[in-house]
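S.K.: structure for the following, please:
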Amino acid sequence: MADAVAYGYISVVDDDDQTIEALSGRLVAHAAAEGLDLVEIQVDRNVVPARLMRPGLSALLTRLRGRADRAVVLIPSRDHLSPWRPVRRVIEVELARLGVAIQVAWDGAGGLAAPRSDAARASAIRRARGAPRPPRIPLARRPPS
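M.R.: Predicted coordinates:
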C-alpha cells in the first residue's frame with residue numbers, strides 16, 4: 001500500500017501526445033519509486049508560460065482544496081508550473097497554502113530524479129500528511145569587516 005496520495009501535473013506549450021505520454025510515464029515511475037499512490041495526472045496543452053489560469057491546473061487545485069488529508073503534487077520539472085518565475089511562485093504559494101508538497105520527478109538531464117533517502121522520503125510523507133516542517137536554522141552571517 002502506498003504511503004501518500006499524489007497528483008501529477010504536466011504543462012506543455014504544444015499538444016504532442018508522445019511528449020505527454022513520456023512525461024506521464026516518468027511521473028508514474030517516480031511515484032512507484034517513492035511509494036506514492038498516483039491518483040491522476042492533469043495535463044494542460046498549448047500553455048503560454050505566463051498564463052496563470054489553466055484548465056488542468058484549476059482542476060488540480062479544486063481537487064486539492066476538497067481533500068481532508070494532505071497530498072503530493074508530482075511535476076516533471078518546476079518549469080511545468082511555469083518557466084516564468086513570478087507565475088511559478090504564485091502557483092507554489094497556492095499549493096503551499098493548501099498544505100501540498102511538490103516533488104520534481106525529473107533530474108533535468110532527461111532521467112528520473114534519484115529516489116530519496118529513507119529519511120528524506122519519510123520527511124516528505126510527513127509533510128504531505130500535514131506534519132509541521134522542522135524549523136529552519138538561519139545561516140550565520142559574517143560581521144562586516
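S.K.: ok, the residue nearest to Val72 when sequence neighbours are not counted - contacts?
M.R.: Using Cβ to Cβ, 6 or more residues apart in numbering and skipping the chain neighbours, the partner closest in space to Val72 is Ala6 (4.3 Å). The way it works is simple: take the backbone N, C-alpha and C, and place the C-beta from them, glycine included. Counting by Cβ atoms under 8 Å, 6 or more residues apart in numbering, Ala6 makes contact with 31, 34, 36-39, 71-74, 103.
S.K.: which one among those gets closest to Leu81?
M.R.: If you rank those by distance to Leu81 using Cβ to Cβ, Val73 comes first, at 8.9 Å.
S.K.: now the closest one, what are its backbone angles?
M.R.: Its backbone dihedrals place Val73 at phi -110, psi 120, with angles given as degrees, to the nearest 10.
S.K.: what's across from it in the sheet?
M.R.: Beta-bridge pairing of Val73, defined through DSSP bridges, involves Tyr7, Ile102.
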